[in-house]
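S.K.: Could you work out the structure for the sequence below:
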Amino acid sequence: MPLNKLRNIGIAAHIDAGKTTVTERILFFTGTTRKMGEVHDGQATMDFMKQEQERGITIASAAISCQWKGSQINLIDTPGHVDFTVEVERSLRVIDGMIAVFCAVGGVEPQSETVWNQADRYRVPRIAFINKMDRTGADFQAVVSQMTKYLDANAVPLHIPMGAEEHFTGIIDILDCKAYVFRDFEQYETDVPDEYKPKCKAARAFLTEKLADFNDEIMELFLEDKEIPGELLKKALRDATLKLLITPVFCGAAYKNKGIQMLLDAVLDYLPSPIDVGAVVGIDVDNPSKSHTCHPSPKEPFSALAFKLINDPFVGQQTFTRIFSGTLKSGMQIWNATKAKHERVGRILKIRAKEREEVSEATAGDIVALIGMKFTKTGDTLCGDEHRFLLESIFIPPSVIELKISPASRKDQAKLGEALGRLTNEDPSFNVRFDDETEETVISGMGELHLEIIIDRLKHEFNVESIVGEPSVAFRETITAEVESNYKHSKQTGGKGQFAHTVMRIEPNEAKGYEFIDKIKGGSIPAEFIQSVNKGIQKTLDRGILAGYPVVDVKVVLIDGNHHPVDSSDMAFQTCGSICFKNGFMKAGPILLEPMMKIEINTPDEYIGDVVGNLNRRRGKIEAMRRYRKGAQKITGFVPLMEMFGYSTQLRNISSGRANYSMEFFNYTPLPKNIQEEVLKKLAVKI
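M.R.: Okay, the predicted model is just below:
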């Protein structure tokens, strides 16, 4: 397949906007499937996990290929629930273009904004599809306005819906001034009805005016009041979309099979091929000031990014990989630049949701699954031996909620450990740690649903029954004052002893993470032991000091120390660095940080007072309130996660089930002193 005929696209949206239904219709109309699976009856092709079918939601992103008008579309359907936002994150890192789906009733919803911002981070060109035009309350123009107002999308409609709600009968294409109606699975072209002609003319004039800002030829014709050909408008629109200057907006009703063929045409017309995206740039492994540029061609040096791992019961671990340049053949040895290790590719599979087809080679632009990779994880760069470089990795949001887990029977302890190891490999937003003091396993993730799915998978995929504690907040630890810490580590046990001496300054490093600075002069600590001190501190950061939570945002400056020509060793300096840091940390005003969540609540007007009052009692802060739709408001604000357990039930009660909410992690903020004392008392920790 020529590269200009290839489209790697993703479908992303708020939960329940209809992403998976749109995908199912795309697969049907491209002839990839013969029958349409529905989300509500658990038969969707892309929702093939048992947990997805039971809940009627997408949990894991799924990849599939289809053909349309001589072009190949590699499609990734992503989850809409905020707990699985990492699935969207890693998909957006490897796709070239995106279809953003909006509900014609709900409009721009909380997760719509999240995925839009994620797409901005990776500069992904996108088109918008306003779905569910047949639903009561559908308002095409209101959603277009919200896109421009809340997403800064510069949304430009290319469709005019003919009617809405139960009277939604067809779509007018503004560019070719034709109307399309739909019966059964067929699309029929007709002339624009007289009553829609003024609207069509005004919409085309609006589109022309927008494009004149980005195209001189259109500007000249526009100023001279001359007719502008549709092909010129289409070319200018494609250029503006690829440069993220404009978002073309289309409409339809996927469940009723309306508008899908037109959406497929739009994917080919306005979303980029790998050639449009252009070269990827990597940083040289040995010389970070040098960069490598790889163009999307089978003849260029090989470069790829691993973006997802799946454990398949039939073929073992599958490593989903996007190839940016070069050619990959089965049996080939490649270099994992992130892990600095060689990998040998066993088999290469083209994926069709849960089906797979083995191929002997894959080239630039392909998204494939590799079998036989031993070291590769999510976000790792794969390249050839002759050009070793690192590509931009994938942003992984921090986990904010945790719970204790143990096997139902002692004999399953090893089985549980192995299963959790596999799940952390698959999902970088899921973490596992073992608490040495309490001898308990603690798992952490993005939300209650995220961990619920993990527990369910342990039971059904890995046959491990587990006992689970109550969910708790994943706090962080940091300091508020600057201190100097001095510690001498000396042990004599007969024969060679242990000796190390460090003096370090520990200071707050707000929102900058951990930083280690070496200020040793005169070789008081030999160069080979300075990294040992750093290593010892880093091990301590993970385990926590105040209450066993990870330490963040501290700067350590190593200013002095001493060594012994015989008794000093790597281990002695690791131990010394760790104890010296712990001692200083406890004197530097240690505090706990709590996860603050950004929350959006949609509620009918009559419940607004109760909803706001309830949020205030949970230490929430209201940022803004705006009209959501007629008779309803959207409240945005910030609230501590520890106050939000059981909120969905309470919100349902105070709004008679009519309000809904969505929240996502925003940042870590200091825990109020009185609450910190309560938390530490519960953990039996004395400060």
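S.K.: Tell me, how many residues neighbour Arg422?
M.R.: 17 (other Cβ atoms under 10 Å). To be clear about C-beta, it is placed using only N, CA and C from the backbone, and glycine gets the same treatment.
S.K.: Just list the residues touching it, thanks.
M.R.: When the contact criterion is Cβ atoms under 8 Å, 6 or more residues apart in numbering, the partners of Arg422 are Asn311, Phe462.
S.K.: Summarise which helices and strands the helix or strand containing Arg25 is packed against.
M.R.: Assigning secondary structure by DSSP states H and E places Arg25 in helix 19-29. With contacts taken as 3 or more Cβ pairs under 8 Å, 6 or more residues apart in numbering; DSSP states H and E, helix 19-29 sits against strand 6-13, strand 62-68, strand 71-77, strand 97-103, strand 126-131, helix 260-270.
S.K.: Least confident of those, on average?
M.R.: Of all the helices and strands packed on helix 19-29, strand 62-68 carries the lowest average pLDDT, namely a mean of 80.
S.K.: Ser393 in helix, strand or coil?
M.R.: Under the three-state scheme (DSSP: H, G, I helix; E, B strand; the rest coil), the conformation of Ser393 reads as coil.
S.K.: so it makes contact with Pro428?
M.R.: No. Applying Cβ atoms under 8 Å, one finds Ser393 not in contact with Pro428, separated by 10.1 Å.
S.K.: overlap in contacts of these two?
M.R.: Between them, Ser393 and Pro428 share these contacting residues under Cβ under 8 Å, 6+ apart: Gly379.
S.K.: So for these two, which sits in the more crowded spot?
M.R.: Under the neighbour definition other Cβ under 10 Å, Ser393 and Pro428 were set side by side, and Pro428 has more, 19 against 15.
S.K.: Touching, the more buried one and Pro398? I think so.
M.R.: No. In this structure, Pro428 is not within contact of Pro398 by Cβ under 8 Å, at 10.9 Å.
S.K.: low-confidence ranges in the chain?
M.R.: 33-62, 79-85, 313, 352-355, 435-439, 493-495, 628, 684-687 (pLDDT under 70).
S.K.: Centre-most residue in it?
M.R.: The structure's the chain has its C-alpha centroid closest to Glu89; by Cα atoms, centre = their mean the separation is 2.2 Å.
S.K.: Backbone torsions only: list them for it.
M.R.: As for Glu89, its main-chain torsions (degrees, to the nearest 10) stand at phi -60, psi -50.
S.K.: Could you give me the buried positions within stretch 600-610?
M.R.: Glu600, Ile601, Asn602, Thr603, Pro604, Tyr607, Ile608 (16 or more other Cβ atoms under 10 Å).
S.K.: First-to-last residue distance for it?
M.R.: 15 Å (Cα to Cα, to the nearest Å).
S.K.: Run through who's touching it.
M.R.: With contacts defined as Cβ under 8 Å, 6+ apart, stretch 600-610 is touched by 106, 109-110, 611, 615, 625, 628, 631-636, 651, 654-656, 658-663.
S.K.: send the alpha carbons of stretch 279-297 over as CSV?
M.R.: What follows is the C-alpha trace of stretch 279-297 in CSV, where atoms were taken according to Å, rounded to 0.1, in the frame of the first residue of the first chain:
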residue,chain,number,x,y,z
ALA,A,279,9.9,12.9,9.6
VAL,A,280,10.3,11.8,13.2
VAL,A,281,13.3,13.2,15.2
GLY,A,282,15.2,11.2,17.8
ILE,A,283,17.9,12.1,20.3
ASP,A,284,21.2,10.3,19.8
VAL,A,285,21.8,7.8,22.7
ASP,A,286,25.6,8.6,23.0
ASN,A,287,25.4,12.3,22.2
PRO,A,288,22.2,14.0,23.4
SER,A,289,23.1,17.2,21.6
LYS,A,290,22.9,15.3,18.3
SER,A,291,19.6,14.3,16.7
HIS,A,292,18.5,11.8,14.1
THR,A,293,15.8,12.4,11.5
CYS,A,294,13.9,9.5,10.0
HIS,A,295,11.6,10.0,7.1
PRO,A,296,8.5,7.8,6.6
SER,A,297,10.0,5.5,4.0
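S.K.: What about Pro298, how many residues nearby?
M.R.: Tallying neighbours of Pro298 according to other Cβ under 10 Å, which is how burial is gauged here, yields 17.
S.K.: tell me which element it is part of?
M.R.: Assigned by DSSP H and E, Pro298 belongs to no helix or strand.
S.K.: I figured Pro301 hits Arg388, correct?
M.R.: No. The pair formed by Pro301 and Arg388 falls short of the contact definition of Cβ under 8 Å, at 10.0 Å.
S.K.: Tell me who's in contact with Asn311.
M.R.: With contact taken as Cβ under 8 Å, 6+ apart, Asn311 is in contact with Gln317, Gln318, Arg422, Asn425, Glu426.
S.K.: got the CA positions of the helix or strand encompassing it in CSV?
M.R.: In this structure, Asn311 sits in strand 303-312 according to DSSP H and E. These are the backbone C-alpha positions of strand 303-312, laid out as CSV (Å, rounded to 0.1, in the frame of the first residue of the first chain):
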residue,chain,number,x,y,z
SER,A,303,12.6,3.4,13.9
ALA,A,304,9.6,2.4,15.9
LEU,A,305,7.8,3.0,19.2
ALA,A,306,6.3,0.3,21.4
PHE,A,307,3.0,1.7,22.7
LYS,A,308,1.1,-1.2,24.3
LEU,A,309,1.6,-4.7,25.7
ILE,A,310,-1.0,-7.4,25.8
ASN,A,311,-0.7,-10.9,27.3
ASP,A,312,-2.5,-13.2,25.0
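S.K.: roughly how far is that strand from the heart of the chain?
M.R.: 15 Å (Cα atoms, centre = their mean, to the nearest Å).
S.K.: which residues in the stretch 151-300 of the chain form strands?
M.R.: Along the stretch 151-300 of the chain, the segments classed as strands by DSSP state E, counting those that start in this stretch run 155-157, 159-162, 170-173, 178-183, 186-190, 247-251, 280-284, 291-294.
S.K.: What strands line up against the fifth one, and which way round?
M.R.: If I follow you right, that is strand 186-190. Sheet partners assigned to strand 186-190 using DSSP bridges are listed as strand 178-183 (antiparallel).
S.K.: what's the angle between the strand it pairs with and helix 260-270?
M.R.: Between the direction of strand 178-183 and that of helix 260-270, the angle (axes from the mean of the first three to the mean of the last three Cα atoms, to 10 degrees) works out to 140 degrees.
S.K.: about what we covered before: output the strands of the stretch 151-300 of the chain as JSON lines; include the columns mean neighbour count and distance to Leu458.
M.R.: As requested, the strands of the stretch 151-300 of the chain are exported to JSON lines (neighbours: other Cβ atoms under 10 Å; distance: least, Cβ to Cβ, whole Å):
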{"stretch": "strand 155-157", "mean neighbour count": "22", "distance to Leu458": "43"}
{"stretch": "strand 159-162", "mean neighbour count": "23", "distance to Leu458": "46"}
{"stretch": "strand 170-173", "mean neighbour count": "23", "distance to Leu458": "46"}
{"stretch": "strand 178-183", "mean neighbour count": "16", "distance to Leu458": "45"}
{"stretch": "strand 186-190", "mean neighbour count": "12", "distance to Leu458": "46"}
{"stretch": "strand 247-251", "mean neighbour count": "24", "distance to Leu458": "41"}
{"stretch": "strand 280-284", "mean neighbour count": "18", "distance to Leu458": "37"}
{"stretch": "strand 291-294", "mean neighbour count": "17", "distance to Leu458": "40"}
